[in-house]
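Participant: Okay, predicted coordinates and the sequence, questions at the end:
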Amino acid sequence: MADEADLAFDSEQRHLSQALAAQRTRGGVLMPSGACHFCAEESEEFTRRLFCDLDCAADWEYEESLKRRLGLPGSRSVH
């Protein structure tokens, strides 16, 4: 059973992941897809979440920023 600290940490991770993704997808909105948008891990939690954790969110953000700088197409997960 999760305690209050675990619940707060999970909530903070979800909020930060979604905020990062929303801020960086200027032309579209990153939507939950049933899998982590970075590592593709599948779980029912990903019907509400975009990434596994902050590491996946940060790695996705880094790759997307590199793609933008290089003029490459962005993630195909953006709708």
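Facilitator: Now that the structure is in, tell me what you want to look at.

Participant: drop to CA atoms for contacts and neighbour counts, all remaining ones
Facilitator: Will do.

Participant: measure Asp55 to Cys39 for me?
Facilitator: 10 Å (Cα to Cα, to the nearest Å).

Participant: Give me the below-cutoff pLDDT ranges for this structure.
Facilitator: Confidence mapping of the chain against pLDDT under 70 gives the ranges 1, 21-28, 75-79.

Participant: can we see that at 80?
Facilitator: Counting by pLDDT under 80, the chain shows low-confidence ranges at 1-2, 16-29, 74-79.

Participant: And the longest helix seen in it, what does it pack against?
Facilitator: Longest among the helix segments of the chain by residue count, using DSSP state H, is helix 4-24. Judged by 3 or more Cα pairs under 8 Å, 6 or more residues apart in numbering; DSSP states H and E, helix 4-24 is in contact with helix 54-70.

Participant: What's the separation between the closest residue to Arg14 other than its chain neighbours and Ala19?
Facilitator: Distances taken as Cα to Cα, 6 or more residues apart in numbering place Arg49 nearest to Arg14, at 6.2 Å, with adjacent residues excluded. Per Cα to Cα, Arg49 is found 11 Å from Ala19.

Participant: can you pull the contacts of the residue nearest to Glu64 when sequence neighbours are not counted?
Facilitator: Distances taken as Cα to Cα, 6+ apart put Gly74 closest to Glu64, at 6.2 Å, once the chain neighbours are dropped. Gly74 makes contact with 64, 67-68, according to Cα atoms under 8 Å, 6 or more residues apart in numbering.
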